[in-house]
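>>> could you work out the structure for the sequence below:
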Amino acid sequence: MFKIDLKEYKETKIYFQLFDVLLKNLDVKKELYLIDNGITPSSYRLARKQEQNIGKLIIKTLCDKLKYKIPDELQIIEIEEKFNKIYFDMYYKINDDYDKYLKYIDELLEKNYVIFPLIKLMKLFLIANSFRDVGKIVEENKNLFNELQLYTPFFNNSMFEIFDILNCSFSDININDYISKKYDNGLFYYSISAKCLNKELYMETLHFGNKCKEILLKE
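Numbering: from 1, shown residues only. You can find the predicted model right below:
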């Protein structure tokens, strides 16, 4: 079964994908901003491409400047474990701890961790898997989804897969693009099937629904 893996966020290279977006949103000239904060642009570019010791210092400097906290390795492990519990329960529609999960996510957001895009992604994933009308969920949370689109370069493969599942609900996707593709994730097929049903594409609904069923039975 699909697992969320956050080991890349224990290192530094991936964080430069985030700061590229954050600095762009500040509407500043990146190189001047880096120099003003004691960071040489060449060091930033090198640490962005490959893991470097100076990458830790650059990330700390930028986090301090922008008021973000850096989770340590143990905190990353704990968050990964909790994210997987959330995913497992939502995958199998186990809602016993739903409110506890939402509370946990909100508490994480209050800590102002630099991995906030991952936390917001999991919050939207929780919201999308509530037993509410899908149309209302999409309407009420479109802004959050649009915000998350900005941070897709910061998502590793496992987190991007969750984003891709949400994309089925929040974007006007072309169903035909998914007909011939193969996925190992039953929830992905479930989301596509629900999208087809909403569009009254009943043959496609059955096609993707059967794909979902095959994976669930195998698991």
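
>>> how about the helix or strand of the chain with the lowest mean pLDDT: buried residues?
One helix or strand of the chain scores below all others by mean pLDDT, DSSP states H and E: helix 176-179, with a mean of 75. Judged by neighbour count (16 or more other CB atoms under 10 Å), helix 176-179 contains these buried residues: Y178. No exception for glycine: its C-beta is placed from N, CA and C like everyone else's.

>>> ok, stretch 179-196 next?
For stretch 179-196, by 16+ other CB under 10 Å, it's 183, 185-196.

>>> likewise stretch 51-67?
Those would be 52, 55, 58-59, 62-63, for stretch 51-67 by 16+ other CB under 10 Å.

>>> do stretch 38-52 as well
Buried residues in stretch 38-52 (16+ other CB under 10 Å): 39, 44, 47-48, 52.

>>> got the end-to-end distance for it?
Terminal residues of stretch 38-52 lie 17 Å apart, using CA to CA, to the nearest Å.

>>> please compute how far that stretch lies from its chain's middle.
On the basis of CA atoms, centre = their mean, to the nearest Å, stretch 38-52 sits 25 Å off its chain's mean C-alpha point.

>>> which ones are touching the closest residue to Y68 other than its chain neighbours?
Excluding its sequence neighbours, the residue lying closest to Y68 (CB to CB, 6 or more residues apart in numbering) is V114, at 4.0 Å. Neighbour list for V114: 15, 18, 59, 63, 68-71 [criterion: CB atoms under 8 Å, 6 or more residues apart in numbering].

>>> neighbour-wise, which of those leads?
Highest neighbour count within the contacts of V114: Y15, with 25 neighbours (other CB atoms under 10 Å).

>>> pop out the phi and psi values for that one.
phi -70, psi -20 (degrees, to the nearest 10).

>>> mind giving me the packing neighbours of whichever strand or helix holds L57?
For L57, the host element (DSSP states H and E) is helix 53-66. Contacts defined by 3 or more CB pairs under 8 Å, 6 or more residues apart in numbering; DSSP states H and E place helix 53-66 against helix 15-25, helix 41-49.

>>> could you check the angle helix 15-25 makes with it?
40 degrees (axes from the mean of the first three to the mean of the last three CA atoms, to 10 degrees).

>>> ok, residues contacting helix 53-66?
Taking CB under 8 Å, 6+ apart as the rule, helix 53-66 contacts 11-13, 15-16, 19, 22, 37-39, 43-44, 46-47, 68-70, 114.

>>> sorry, back to before: among the buried residues of stretch 179-196, which pair sits farthest apart?
Using CB to CB, the pair of the buried residues of stretch 179-196 lying farthest apart is N185 and C196, separated by 16.6 Å.

>>> in stretch 116-132, what's buried?
116-129.

>>> for K69, give me phi and psi.
phi -100, psi 150.

>>> what's the answer for Y113, then?
Per degrees, to the nearest 10, the backbone of Y113 is at phi -70, psi 150.

>>> measure it to F163 for me?
18 Å (CB to CB, to the nearest Å).

>>> next one: E139
19 Å.

>>> before we move on, what about V28?
27 Å.

>>> these two: who's more crowded?
Comparing V28 with F163 by other CB under 10 Å, the one with more neighbours is F163, at 19 against 12.
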